[in-house]
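Visitor: quick one: sequence and predicted model below, then my questions.
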Amino acid sequence: MARPPFEKARPETATEKRERIFKESTEALSEYQVDATNIRKNMARLRELRLAKEAADRATESTAVKPASKKPTKKRKPHHL
């Protein structure tokens, strides 16, 4: 509850301080939990993208045209001296 500006601020009582700290900590905890949930969702999304890309890469590797092997070279006859 906001006080009028002309009213002197009185010192906070111990009970009020405990209530304020409790309220702030519960708000911070809920923000932390929301952030953690968002991070886990993003990690799962990125993992799915990575796995899909790896699967696509493997599929392309297996269907890719393999280069023709080189023709075997003729064996040279040894030189007799």
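Guide: Good, I have the coordinates.
Visitor: list the contacts for Thr60?
Guide: Contact criterion Cβ atoms under 8 Å, 6 or more residues apart in numbering gives no residues in contact with Thr60. In short, each C-beta sits where N, CA and C put it, glycine included.
Visitor: any low-confidence regions in this protein?
Guide: Applying pLDDT under 70 to the chain flags the ranges 1-6, 64-69, 72, 81.
Visitor: which residues in it form helices?
Guide: Counting by DSSP state H, the chain has helices at residues 14-63.
Visitor: centre-most residue in it?
Guide: The residue lying closest to the centre of the chain (Cα atoms, centre = their mean) is Met43, at 3.9 Å.
Visitor: burial measure for Val34, as a count.
Guide: The local packing of Val34 (other Cβ atoms under 10 Å) involves 10 other residues.
Visitor: any idea how far Ala9 is from it?
Guide: Separation of Val34 from Ala9 (Cβ to Cβ, to the nearest Å): 33 Å.
Visitor: with Lys23 instead?
Guide: From Lys23 over to Ala9 (counting by Cβ to Cβ), the distance is 19 Å.
Visitor: of these two, which one has the most company?
Guide: Set side by side, Lys23 and Ala9 show more neighbours around Lys23, with 10 against 6, by other Cβ under 10 Å.
Visitor: any idea how far that one is from Ser30?
Guide: Distance from Lys23 to Ser30, by Cβ to Cβ: 11 Å.
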